[in-house]
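Colleague: dropping the sequence and predicted coords here.
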Amino acid sequence: MPLHLSSISVLLFAVASCSTAIAEDYQMSTVPVDDPRWGRILALVNEQTANRAAAAAESGDEKTIEIVQFIEGTSYLAMMRTPQQLAGSVARAMGTTFVPAGEWSTVRLDLPPGSSRLADGEKMLKSVEDTGQLFEYTTALGANATVKVFRLAGTSADLQQLTKDQFLERLKAGKTWTVTVPQVTSRCSFCRGAKFVSGAPCPQCKGVGGEFVERIVNITW
Ligand SMILES: [Zn+2]
């Protein structure tokens, strides 16, 4: 069920009607194009997408990468494997100091647009993510090969801030985003929603007037 259109516009500022839904659809096609909600929702999408990409880069799937051959643009054929690394706490408790490196696999690695050219044989340790795409090429021996396409985590398009036009275009193309919307759902039991006590922000709700919950919203066209 779509959210009431007024819900996002009043978030943080009013005690909204209580909702127990886990994730709800917010249909942007129902919001007039010049409505200020577009700006607020796009800001949430941009901020949360960038945060997730940055978190993925930090905790990401770090790989040892060796460039094999330039393909085109900023794409390379590369060898990739999980580096040998210290094991987690459980493995350490069992007396394991190192976990073995994974097998080498051949992949296409897409670097961010504008990256400087890398030489064959260049090595690096980077966080990567699987794009879900496949790449077909012809090997030196003339055989066809298909490999997975990876990109550097957190340096992809996810870190670019979408403009409103790009946001609109991608929504219409069927892309959706899931965002968490902080929302006040119940009245503060201390100030009873008044936000201030004796002229100072309420010590319990910090002047919000209620309790925050995070509402999970699917932004769709
Ligand atoms: Zn309060």
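Modeller: Cool, got the structure.
Colleague: which bits of the protein sit near the ion?
Modeller: Neighbours of the ion within the chain, by C-beta under 5 Å from the ion: 188, 190-191, 202, 204-205. (C-beta placed from N, C-alpha, C; glycine too.)
Colleague: partner residues bridging L109?
Modeller: Beta-bridge partners for L109, by DSSP bridges, are Y76, F150.
Colleague: CSV for the residues of the chain next to the ion, including distance to M28?
Modeller: Shown next, in CSV, are those (distance: C-beta to C-beta, whole Å):
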residue, distance to M28
C188, 32
F190, 37
C191, 35
C202, 35
Q204, 36
C205, 31
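Colleague: quick one: buried ones out of the residues you listed?
Modeller: Those of the residues of the chain next to the ion that meet the buried threshold are 188, 191, 202, 205, by 16 or more other C-beta atoms under 10 Å.
Colleague: list the buried ones in the lengthiest strand in the chain?
Modeller: Longest strand of the chain, by residue count under DSSP state E: strand 123-138. Within strand 123-138, the residues that count as buried by 16+ other C-beta under 10 Å are 126-129, 135.
Colleague: and the residue of the chain positioned farthest from its centre, what pLDDT?
Modeller: Taking C-alpha atoms, centre = their mean, the residue of the chain most remote from its mean C-alpha position is S198, at 42.4 Å. In this model, S198 is scored at 92, pLDDT.
Colleague: what about W38, is that helix, strand or coil?
Modeller: Recorded secondary structure, W38: helix (DSSP: H, G, I helix; E, B strand; the rest coil).
Colleague: doesn't V31 make contact with it?
Modeller: Yes - under the criterion of C-beta atoms under 8 Å, W38 makes contact with V31 at 6.4 Å.
Colleague: care to break this protein down by domain?
Modeller: Per automatic domain parsing, the structural domains of the chain span 6-56+161-220, 61-152.
Colleague: by mean pLDDT, show me the worst of those domains.
Modeller: Of all those, the minimum mean pLDDT falls on domain 6-56+161-220 (a mean of 80).
Colleague: ranges for the strands of the protein?
Modeller: Ranges of strands in the chain, per DSSP E, are 23-27, 61-72, 75-81, 85-86, 98-99, 105-110, 123-138, 144-152, 177-187, 196-197, 200-201, 210-220.
Colleague: direction included, what does the first one pair up with?
Modeller: When pairs are called by DSSP bridges, strand 23-27 turns out to pair with strand 210-220 (parallel).
Colleague: buried ones in the partner strand, by neighbour count?
Modeller: Using 16+ other C-beta under 10 Å as the test for burial, strand 210-220 gives 210, 215, 217, 219-220.
Colleague: elements contacting the longest strand of the chain?
Modeller: Judged by 3 or more C-beta pairs under 8 Å, 6 or more residues apart in numbering; DSSP states H and E, strand 123-138 is in contact with helix 37-59, strand 61-72, strand 105-110, strand 144-152.
Colleague: nearest to L171, out of these?
Modeller: L171 sits nearest to helix 37-59 of all those, at 9.7 Å, using C-beta to C-beta.
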